[in-house]
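> the following block contains a protein sequence and its predicted model.
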Amino acid sequence: MRHLILMVFVVMIPALVLADAPAPVKVFILAGQSNMEGKGAVNTLEYLGEDPEYGHLLADIQKDGEWIVRDDVFIDYLGRSGPLTVGYGSKPGAHGPRIGPELAIGTVLGDAFDEPVLLIKTAWGGKDVAKDFLPPSMGGPGEFYSKMMENVDRVLNDIQSVYPGYQDQGYEICGLVWFQGWNDMVDKDKTAAYAERFTAFIDDVRQHWKVEQLPVVIGELGSGGFKASGGVARFRAAQAQVANVDRFQGNVKMTHTAQYWDWNADQLYRDDVWKKEEERHKFYRIASDRPYHYLGSGKIYYLMGWAMGHDMKGLLGLDGLPARKSTGGEFYRFAHRVVHVPELVQQNIKGAHGGFAVDRIADGGDGSTWFCLKGVGLVQIDPELTTMKVIGGDDAIVNANVHNSCILRQGNKRLLVLPSDEAQKIYIVDDKGKVMRTFPNPYGDGGGAFRVCDVEVVEGLMFAANGYADNVIFIADPFAGKTEQPDVGVWAPMSFGGRGTAHGKFGTAHGITAVPGTDVFTIADRANARLESYTREGRYIGGIQFEAGTMPCDVDYAGNLAVVGCLKGAGGKTPAPIHLLQDGNIAATLNLQKDLGLEGWTHVHNAAIRVLSKPGHLGIPRVMIIASGWNPGRIAILEQVMP
């Protein structure tokens, strides 16, 4: 038995030695100009935690209010070195320490590998590929191409000075993350030559580091988000051209960063909040710099780096960028977009009980979306659905609930029609919120209730749905006023509807919407779980029946698409869905609370649909949905997730 034990030890000792031998260090080189340096103020980084989709990522870098210091990822940034944590961006500025993409890149890669990870960051502000980083095969090396190589060689020759646990086990250069472009973008000639120059750059660094198919991630110039200027758009196309080179397929990837632009910080910057002594704290809580430095937002820098890190993983044969949290069908899937919401809207949104009007471009509008909120008045959402602006208005529309809205055009003038179920009146206002005409209760003072839910103008006639009362559809010329009081509207001596289940009768005539390009309108009959369409003369021509218990509140159209917000789903279930229809059939069902994790979306009260004129990066027009929730009030912007 003793000899057997000795033999076991003799056999096992070499195995133990091999098992304890440290693995080669995984080396990743991060290079570029000022945005690889990193301008994201650390004190803005906690704002990441407020994002409904990405807020959970804050826990990867912060614990119990303290920033995590990694013991498996190390970084050298031009001589500043140590274990990865916050502060390895540009040198501290007026708002303290800063980060760049390195924090998230290192966090993602550190979690992906059992081996230690070493980041070598070589970046300098204001540098281009046309001269500064010009590769040798294109007439270089440029000064900073050479400096990049010198710094990488310096660290690789003395890894232990950065990673004290290094035991001469060797290293493996696993990838390059490149984030640069502004100084080439500002010159059209440099942009035109960028694809050729940076293609040669990749070939040359691979040859220098002797890694034939070194994985390369190119960070998109994402400044300005999808609202990029012509120059930025042209430069992005040049970057994409590099990633599409045949021999780079599977080993070079462009990370799309524009989607991480923060529209809240963007609007505060454009409103000059950062210049106003009493308000600047609102900006500096979430941002710290100008747009070309991604607003100095720690959140933006972290999310861009997070995406770059995952794309590098994908090139290395590991799981790539996770799919966005989304809801809907196979093609029509939607994610939540964070937009700028003014403080006054935030303070009053829980009482929201209304709907939207889209000023459609096809009708001569500008594509903006409007709603009216009690305590606020008119609110305008910009055509590209990134920010809300308080317009306000007269006390009549500020102090009463407005249940829905529609656009009315008088020549080139934009008016809004606002039905108030609370005031039992309909207000026609200009786009500054000034009341131009008021339609009183058609039953007169002391008559029946006028709990008007919605209005629509079809071929010059206004139809008003008395859905919270007797379900009669009243009709008027929106421009007709009393002779002695032109600001008081006059109802036509005709109406149709009433309570019931037969066609032409309604359980709750909750929404009324014109079918674009026709003289037809659709009524959302909530209690009867259906949509019914009528001609301008009130003649029923067809409809859609939903499952029993579904409570459709309204419908909105864009081409062959329609969106239906529901107070309850089939069988009366909550949280309630939004149905997207294509050619009259349900193409997708969206659940904001269940699938997107948006709190408080038990009931959907209204939804509007837009198809943005500016397409996504694949050239496909992007469908957008604006949704309103009830009890508590909510508003959400949903963007179609592109393949």
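All right, it came through fine. Residues are numbered from 1 along each chain as shown.
> in the helix ranked longest in the chain, what counts as buried?
Assignment by DSSP state H gives helix 188-209 as the longest helix of the chain. Buried residues in helix 188-209, defined by neighbour count with 16 or more other Cβ atoms under 10 Å: 190-191, 193-195, 197-206, 208-209. Glycine gets a C-beta too; all of them are placed from N, C-alpha and C.
> now that helix, how far from the chain's geometric center?
If you compare the mean C-alpha spot of helix 188-209 with that of the full chain, they lie 32 Å apart, counting by Cα atoms, centre = their mean, to the nearest Å.
> break the chain down into its domains, please.
20-262+294-322, 333-640 (automatic domain parsing).
> name whatever forms a beta bridge with residue 415.
Residues in a beta bridge with residue 415, per DSSP bridges, are residue 408, residue 430.
> report pLDDT for it.
For residue 415, the pLDDT comes out at 98.
> mind checking how far it is from residue 424?
Look at residue 415 and residue 424: by Cβ to Cβ, to the nearest Å, they are 21 Å apart.
> quick one, what contacts the nearest residue to residue 218 once chain neighbours are set aside?
Counting by Cβ to Cβ, 6 or more residues apart in numbering, residue 218 lies nearest to residue 254, which is 4.7 Å off, once chain neighbours are set aside. Contacts for residue 254 (Cβ atoms under 8 Å, 6 or more residues apart in numbering) come out as 217, 218, 219, 220, 239, 240, 242, 243.
> next, residue 254: phi, psi?
phi -100, psi 120 (degrees, to the nearest 10).
> any chance of JSON lines for the contacts of residue 254, columns secondary structure?
Output for those, formatted as JSON lines (DSSP: H, G, I helix; E, B strand; the rest coil):
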{"residue": "217", "secondary structure": "strand"}
{"residue": "218", "secondary structure": "strand"}
{"residue": "219", "secondary structure": "strand"}
{"residue": "220", "secondary structure": "coil"}
{"residue": "239", "secondary structure": "helix"}
{"residue": "240", "secondary structure": "helix"}
{"residue": "242", "secondary structure": "helix"}
{"residue": "243", "secondary structure": "helix"}
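> and the two most separated of these?
Within those, 217 and 240 form the most distant pair, 13.4 Å apart (Cβ to Cβ).
> ok, those two, which is more surrounded?
residue 217 (27 against 15; other Cβ atoms under 10 Å).
> quick one, what contacts residue 273?
Applying Cβ under 8 Å, 6+ apart, we find residue 273 in contact with 279, 280, 282, 283.
> phi and psi next, for the closest residue to the second one other than its chain neighbours.
Leaving aside its chain neighbours, residue 280 sits nearest to residue 274 (5.3 Å; criterion: Cβ to Cβ, 6+ apart). Backbone torsions for residue 274, taken as degrees, to the nearest 10, come to phi -70, psi -20.
> tally of neighbours for residue 274?
With other Cβ under 10 Å as criterion, residue 274 counts 20.
> I'd say residue 513 and residue 556 touch.
Yes - at 5.9 Å, residue 513 counts as touching residue 556 under the criterion of Cβ atoms under 8 Å.
> overlap of the contact sets of these two?
Common neighbours of residue 513 and residue 556 are not found (criterion: Cβ under 8 Å, 6+ apart).
> start and end of stretch 387-407, how far apart?
Using Cα to Cα, to the nearest Å, the end-to-end distance of stretch 387-407 comes to 20 Å.
> the longest helix of the chain - contacts with which helices or strands?
helix 143-156, strand 171-179, helix 182-185, helix 230-243 (3 or more Cβ pairs under 8 Å, 6 or more residues apart in numbering; DSSP states H and E).
> enumerate every residue touching the nearest residue to residue 367 once chain neighbours are set aside.
Here the nearest residue to residue 367 in space, its sequence neighbours aside, is residue 383; by Cβ to Cβ, 6+ apart that works out to 3.4 Å. By Cβ under 8 Å, 6+ apart, the residues touching residue 383 are 366, 367, 368.
> helix, strand or coil for residue 383?
coil.
> and it, how far is that from residue 499?
39 Å.
> next one: residue 513
21 Å.
> what do you get for residue 595?
Distance, residue 595 to residue 499, using Cβ to Cβ: 36 Å.
> who's more crowded, those two?
In this view residue 595 and residue 499 are compared by other Cβ under 10 Å, and residue 595 has more residues nearby, 19 against 14.
> where does the more buried one fall, phi/psi-wise?
According to degrees, to the nearest 10, residue 595 has phi -90, psi -40.
> pretty sure it contacts residue 329?
No - using Cβ under 8 Å, residue 595 makes no contact with residue 329, being 11.6 Å away.
> which residues of the stretch 351-500 of the chain fall in helices?
395-398 (DSSP state H, counting those that start in this stretch).
> surely residue 201 and residue 135 touch.
Yes - when contacts are counted by Cβ under 8 Å, residue 201 is listed as touching residue 135 (4.3 Å).
> which residues do those two both contact?
In contact with both residue 201 and residue 135: 129, 145, using Cβ under 8 Å, 6+ apart.
> and the contacts of stretch 341-350?
Contacts of stretch 341-350 (Cβ under 8 Å, 6+ apart): 264, 373-376, 379, 388-390, 632-635.
> need the contact list for residue 199.
So residue 199 contacts 242, 245, 248 (Cβ under 8 Å, 6+ apart).
> again, only using 6 Å
Applying Cβ atoms under 6 Å, 6 or more residues apart in numbering to residue 199 gives the contacts 242, 245.
> check the one 3 residues further on too.
By Cβ under 6 Å, 6+ apart, the residues touching residue 202 are residue 216.
> next one: residue 461
With Cβ under 6 Å, 6+ apart, residue 461 has these contacts: residue 475.
> rewinding a little: now the contacts of residue 273: which count as buried?
Buried members of the contacts of residue 273, counted by 16+ other Cβ under 10 Å: 282, 283.
> for the contacts of residue 273, give me JSON lines that also has pLDDT and secondary structure.
Listed next are those as JSON lines, based on pLDDT from 0 to 100; DSSP: H, G, I helix; E, B strand; the rest coil:
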{"residue": "279", "pLDDT": "96", "secondary structure": "coil"}
{"residue": "280", "pLDDT": "96", "secondary structure": "helix"}
{"residue": "282", "pLDDT": "97", "secondary structure": "helix"}
{"residue": "283", "pLDDT": "97", "secondary structure": "helix"}
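> can you pull out the strands in the stretch 1-150 of the chain?
25-32, 40-41, 62-63, 66-67, 73-77, 80-83, 98-99, 117-123 (DSSP state E, counting those that start in this stretch).
> looking at these, which is buried most?
Mean neighbour count (mean count of other Cβ atoms under 10 Å) peaks for strand 40-41 among these, with a mean of 30.
> which strands and helices sit next to it?
Packing partners of strand 40-41 (3 or more Cβ pairs under 6 Å, 6 or more residues apart in numbering; DSSP states H and E): strand 98-99, helix 298-315.
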